[in-house]
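Asker: Would you be able to build a 3D model of this:
(chains A and B)
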Amino acid sequence: DAKTTQPTSMDCAEGRAANLPCNHSTISGNEYVYWYRQIHSQGPQYIIHGLKNNETNEMASLIITEDRKSSTLILPHATLRDTAVYYCIVKGGSEKLVFGKGTKLTVNP
Amino acid sequence: DSGVTQTPKHLITATGQRVTLRCSPRSGDLSVYWYQQSLDQGLQFLIQYYNGEERAKGNILERFSAQQFPDLHSELNLSSLELGDSALYFCASSEGAYQETQYFGPGTRLLVL
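Answerer: All right, here's what the predicted structure looks like:
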């Protein structure tokens, strides 16, 4: 599975959009991009995933560049409850999820 | 609520002891995964079972073992416990075995004294 690079931390104002970037320059054609988040020490929560097209669900939007080497998770209207560590994971050839250090997003009032 | 349940929520035990962690997957899911999260190692994959059979193995110690029962619940057995085994243990489940979204339970916090 390809490795990912994410900023260590980000801040966002409540009510504004939070845009979390992820680089995955070695991604292969059959590998998906998954996003999970972990609020404090709770179980990781699935957010969204995609292969090449942009995806949207009730939680977030996922924008994948045309060359698939990077992606952005967008939380359209961040709330205080969105404060968490966000993990970008590339998954394809194995069953396991490989978690990096993620991005610690702090939403400020 | 992901639909995955784990018991117990907290466990405190002593070095050298043995404990069993239990996981019930979401209804209809056939795969169960176990992950360990410690302060220094982050979230790490331990093992996967699919429909009762071991399917993939990660960095699981020989002192640890798991199984999945006919009703699809899974147990993770940790024996000869050491201080360094103190961690959060998460179970996840998915519908199939391979390219499937995994949904995580709330975890079991293990403290070895």
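Asker: In three-state terms, label the residue nearest the centre of chain B for me.
Answerer: Nearest to the mean C-alpha position of chain B, by C-alpha atoms, centre = their mean, lies residue B:34 at 3.3 Å. Under DSSP: H, G, I helix; E, B strand; the rest coil, residue B:34 falls in the strand class.
Asker: Could you find the closest non-adjacent residue to it?
Answerer: Counting by C-beta to C-beta, 6 or more residues apart in numbering or on different chains, residue B:34 lies nearest to residue B:46, which is 4.2 Å off, once chain neighbours are set aside. Quick note: C-beta positions are derived from backbone N, CA and C, even for glycine.
Asker: pLDDT below threshold where in chain A?
Answerer: Along chain A, the model assigns pLDDT under 70 to residues A:1-2, A:93.
Asker: partners of residue B:50 in the sheet?
Answerer: Beta bridges link residue B:50 to residue B:31, residue B:53, judged by DSSP bridges.
Asker: Surely it is in contact with residue B:95?
Answerer: No. Proximity of residue B:50 to residue B:95 does not meet the contact threshold set by C-beta atoms under 8 Å, at 10.4 Å.
Asker: The two: who's more crowded?
Answerer: Shown here are residue B:50 and residue B:95; by other C-beta atoms under 10 Å in any protein chain shown, residue B:50 has more neighbours (21 against 14).
Asker: Now do the contacts for that one.
Answerer: By C-beta atoms under 8 Å, 6 or more residues apart in numbering or on different chains, the contact set of residue B:50 is B:30, B:31, B:68, B:96, B:97.
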